[in-house]
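S.K.: Here is my input, please return the structure:
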Amino acid sequence: MTTASSGSSKNLAVQRSDHTTIRYTAGGPADGPALVLIHGWGCDRGDFDALTDHLPDGYRVLAVDLAEHGESRSTREVWTMEEFARDVVAVLEAEAVTTAVVTGHSLGSAVAVEVGRLLPDTVSQVIALDGLHYLGLFPAQSEERAGATLGMFRDDFAAAVRGLVEGGSPAGTDPALMDAYFEKMVAVRQPAGLRAIEGLVHWDMDAALRETKQPITVFAIRDLVTQEAIDRYGDRLDIVLVDLGSHHFPVEAPEATARLLAEVMRSR
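M.R.: Have a look, this model is predicted:
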């Protein structure tokens, strides 16, 4: 593991195997309560930089770049949510974490659930930041619907990414902000970007939730939640509606998001 210090945080790397190197940022006291942050698809751990600055002192904060996102690199062939979770597990093992709250944004929330399933004795709570409630992406799709979704990305990747951004942008979202998210996400490294979408639409969320024992809190943008999702998952997920911007609210409202996370950390 290599280290490069930056202020009070350290940029670190863990070698999962000869095909995957995972880079992450670690800050706070080594013996503090651990909070793990997992970014969404096409994004990176830098999305949490401002949020981390607003967290109370005393937390051990680990922000992870998933494989082929940010600074992490991989030539592996498997791009399932469980395999992404093993990226995070490698970080927790490297840091000798014995208990943690694991938080994921968007696709990262599926990864967080899988981390909880892989480490039932280590993960005490899972938090989703505007994830898990999108019924067109998260529960396992039929072969027909999954094929249609993947076909859009294969036929016109840029247009499909634009659709994702627009779908996560409530009315009134700044177009310049939407353009910035699009430019970042459309540049996701390939083939991992497309394979990750494939892994997500084939992820069996219902099975994962049955096997995940930790409480799961979902902070969801009010205008992006359907009653159908609440009816389907309200008895398993604690869905908390928030008005903090768009799907990317951890970037847009880092201080408010940090308060939400701190409240969960204090109550666990």
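S.K.: Surely Ile127 is within a helix?
M.R.: No: judged by DSSP: H, G, I helix; E, B strand; the rest coil, Ile127 forms no part of a helix; its state is strand.
S.K.: Arg23 versus that one, what's the distance?
M.R.: 22 Å (CB to CB, to the nearest Å). Just so you know, the C-beta spots here come from the backbone N, C-alpha and C atoms, and that holds for glycine as well.
S.K.: Same drill for the two, tell me which one is more crowded.
M.R.: More crowded of Ile127 and Arg23, by other CB atoms under 10 Å: Ile127, with 29 against 22.
S.K.: Skipping its backbone neighbours, what lies nearest that one in space?
M.R.: Thr103 (4.1 Å; CB to CB, 6 or more residues apart in numbering).
S.K.: what's around Leu129, how many residues?
M.R.: By other CB under 10 Å, 33 other residues sit near Leu129.
S.K.: nope, Leu137 is what I meant
M.R.: 21.
S.K.: what does the one 5 residues further on give?
M.R.: A total of 9 residues lie near Ser142 under the criterion other CB under 10 Å.
S.K.: try Ala146
M.R.: Per other CB under 10 Å, the neighbour tally for Ala146 reads 16.
S.K.: Give me the pLDDT for it.
M.R.: Note on Ala146: pLDDT of 93.
S.K.: Double-check that it belongs to a helix.
M.R.: Yes: Ala146: assigned to a helix according to three-state DSSP.
S.K.: Which residues are in contact with it?
M.R.: 198, 201-202 (CB atoms under 8 Å, 6 or more residues apart in numbering).
S.K.: By neighbour count, which of those residues wins?
M.R.: Ranking the contacts of Ala146 using other CB under 10 Å puts Val201 first, with 20 neighbours.
S.K.: Identify the residues contacting that residue.
M.R.: Contacts for Val201 (CB under 8 Å, 6+ apart) come out as 137, 140-141, 145-146, 149-150.
S.K.: Out of those, which is nearest to His248?
M.R.: Checking the contacts of Val201 against His248 by CB to CB gives Leu137 as the nearest, at 15.3 Å.
S.K.: and the residue minimising distance to the centre of the chain, what does it touch?
M.R.: Nearest to the mean C-alpha position of the chain, by CA atoms, centre = their mean, lies Gly108 at 1.8 Å. Each residue near Gly108 by CB under 8 Å, 6+ apart is listed here: 38-41, 66, 129, 131.
S.K.: So it lies in a strand, does it not?
M.R.: No: counting by three-state DSSP, Gly108 is located in no strand; its state is helix.
S.K.: quick one, helices of the stretch 51-200 of the chain?
M.R.: Secondary structure of the stretch 51-200 of the chain (DSSP state H, counting those that start in this stretch): helices at 81-94, 107-118, 143-155, 157-167, 175-186, 192-201.
S.K.: Mind putting those into CSV with distance to Ile216?
M.R.: Formatted as CSV, these follow (distance: least, CB to CB, whole Å):
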stretch, distance to Ile216
helix 81-94, 14
helix 107-118, 7
helix 143-155, 24
helix 157-167, 22
helix 175-186, 25
helix 192-201, 17
